[in-house]
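S.K.: test case, fold it:
(chains A and B)
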Amino acid sequence: DAGVTQSPTHLIKTRGQQVTLRCSPKSGHDTVSWYQQALGQGPQFIFQYYEEEERQRGNFPDRFSGHQFPNYSSELNVNALLLGDSALYLCASSGGTSYTGELFFGEGSRLTVL
Amino acid sequence: AQSVTQPDIHITVSEGASLELRCNYSYGATPYLFWYVQSPGQGLQLLLKYFSGDTLVQGIKGFEAEFKRSQSSFNLRKPSVHWSDAAEYFCAVGARSGGYNKLIFGAGTRLAVHP
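M.R.: Just a heads-up that it's a prediction; the model follows:
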């Protein structure tokens, strides 16, 4: 049973560019959340998708947007990249018929903005 | 507002010694509490969780945690640390409403283990 998978694992962008990160949830899960983890900090909630809609959003600007597809996979898009967007971006899945409140995390996409 | 505080940024213990990592939370209702571990370059792995019931919860890898409502704490313990336990540990509080389960994390405690 595959867990949460994310791609790409590493990427380098320059300021002003745009980036798309992808996530496939654990089998049977229908909810995807995205977190940003800056170096030396705990993960910060960006937003959560359920039934292809953004259900709740953290304190992040509109440059951060997302999408969920009918197969429950998800994308995180960041426009007009800033140096401060450099971080590990974690995707987490949950829900389905055996919902326990636990989030299952992928290994993350490490974004470096130069 | 919900928040989590992990007072210790770094902790170093000797292999075989006992371990306690502190976590304090701020939350208006009954909290859902979690401990996750992150090895370098890896995602987060759940160690244990508390939703209700027995305030002493057992997790994987020999870890346990005790929920103390009066102290707003959820400290993680292990009686004998192994070198492979060196990692970063995150405490988190969750809000659950209609299935929505956002987590708020502390800043983490980095554990080093001396041989």
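S.K.: can you pull out the low-pLDDT segments for the chain?
M.R.: Just so you know, I chose chain A. Counting by pLDDT under 70, chain A contains low-confidence residues at A:1, A:96-101.
S.K.: think we crossed wires, I meant chain B
M.R.: Where chain B drops to pLDDT under 70, the residues are B:96-101.
S.K.: for residue B:5, see how far away residue B:106 is.
M.R.: Using CB to CB, to the nearest Å, one gets 6 Å for the distance from residue B:106 to residue B:5. Every residue, glycine included, has its C-beta placed from N, CA and C.
S.K.: name the residues contacting each of the two.
M.R.: Common neighbours of residue B:106 and residue B:5, using CB atoms under 8 Å, 6 or more residues apart in numbering or on different chains, are residue B:23.
S.K.: distance of the closest residue to residue B:105 other than its chain neighbours relative to residue A:80?
M.R.: In space, residue B:105 comes closest to residue A:42 once its chain neighbours are excluded; the distance is 3.4 Å by CB to CB, 6 or more residues apart in numbering or on different chains. From residue A:42 over to residue A:80 the distance is 25 Å, taken as CB to CB.
S.K.: comparing those two, which residue is more hemmed in?
M.R.: For the pair residue A:42 and residue A:80, the greater number of neighbours falls to residue A:42 (22 against 11), based on other CB atoms under 10 Å in any protein chain shown.
S.K.: how much space separates whatever residue of chain A ends up closest to chain B from residue B:93?
M.R.: Chain A approaches chain B most closely through residue A:42 (3.4 Å), counting by CB to the nearest CB. In this structure, residue A:42 and residue B:93 are separated by 11 Å, where distance is defined by CB to CB.
S.K.: repeat for residue A:112
M.R.: With distances taken as CB to CB, residue A:112 is found 30 Å from residue B:93.
S.K.: of these two, give the one with the bigger neighbour count.
M.R.: A count of neighbours by other CB under 10 Å puts residue B:93 above the other of residue A:112 and residue B:93, at 22 against 13.
S.K.: where does that one fall, phi/psi-wise?
M.R.: Residue B:93 has phi and psi values of phi -120, psi 140 when expressed as degrees, to the nearest 10.
S.K.: my guess is it contacts residue B:102. True?
M.R.: No. Between residue B:93 and residue B:102 there is no contact, the gap being 9.6 Å when judged by CB atoms under 8 Å.
S.K.: the strands in chain B, which residues?
M.R.: Taking DSSP state E to define them, one finds strands in chain B at B:3-5, B:10-14, B:19-21, B:24-26, B:32-38, B:45-50, B:56-58, B:64-68, B:73-78, B:87-97, B:100-105, B:109-114.
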